[in-house]
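Visitor: Only the shape, not the letters, is given here:
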């Protein structure tokens with residue numbers, strides 16, 4: 001079986017195809033990076049909601065404790 005000759009033109013064509021594939025991979029990673037940025041933003045928003053809820057819960061518990069102590073139970 002003969003080995004095909006790799007001329008400069010064939011090599012250039014092959015490397016052009018490889019470059020196109022790498023460009024496609026780069027585009028996919030760019031899209032993933034954008035989606036991760038959105039996800040991080042949503043997670044930060046959720047974190048703030050949880051923190052605010054915890055503060056409200058603590059304030060409510062302090063109010064209940066104060067009411068119990070004020071009643072003298």
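Guide: Structure received. Source: prediction; values computed, not measured.
Visitor: mind showing which ranges of this structure have poor pLDDT?
Guide: 1-2, 73 (pLDDT under 70).
Visitor: in it, which spans are helices?
Guide: 8-71 (DSSP state H).
Visitor: Report the central residue of it.
Guide: The chain has residue 36 as the residue nearest its centroid, 2.4 Å off, counting by CA atoms, centre = their mean.
Visitor: how close does that residue sit to residue 45?
Guide: As defined by CB to CB, to the nearest Å, residue 36 lies at a distance of 15 Å from residue 45. Backbone N, C-alpha and C define where each C-beta goes, glycine included.
Visitor: got it, and residue 37?
Guide: Taken as CB to CB, the span from residue 37 to residue 45 is 13 Å.
Visitor: Residue 57 - how many residues pack around it?
Guide: If you count neighbours by other CB atoms under 10 Å, residue 57 ends up with 10.
Visitor: just residue 24 next, same as before
Guide: Count around residue 24 with other CB under 10 Å applied: 10.
Visitor: One more: residue 7?
Guide: Look at residue 7: counted by other CB under 10 Å, it has 9 neighbours.
Visitor: which residues sit in contact with it?
Guide: Contacts for residue 7 (CB atoms under 8 Å, 6 or more residues apart in numbering) come out as none.
Visitor: Phi first, then psi, for it.
Guide: phi -80, psi 170 (degrees, to the nearest 10).
Visitor: ok, it to residue 13 distance?
Guide: 10 Å.
Visitor: Please apply the same query to residue 37.
Guide: When residue 37 is compared with residue 13 (using CB to CB), they lie 37 Å apart.
Visitor: ok, back up a step: need the contact list for the residue nearest to the centre of the chain.
Guide: Per CB under 8 Å, 6+ apart, neighbours of residue 36: none.
Visitor: and residue 6, backbone torsions?
Guide: phi -100, psi 90.
Visitor: Quick one: residues contacting it.
Guide: With CB under 8 Å, 6+ apart, residue 6 has no contacts at all.
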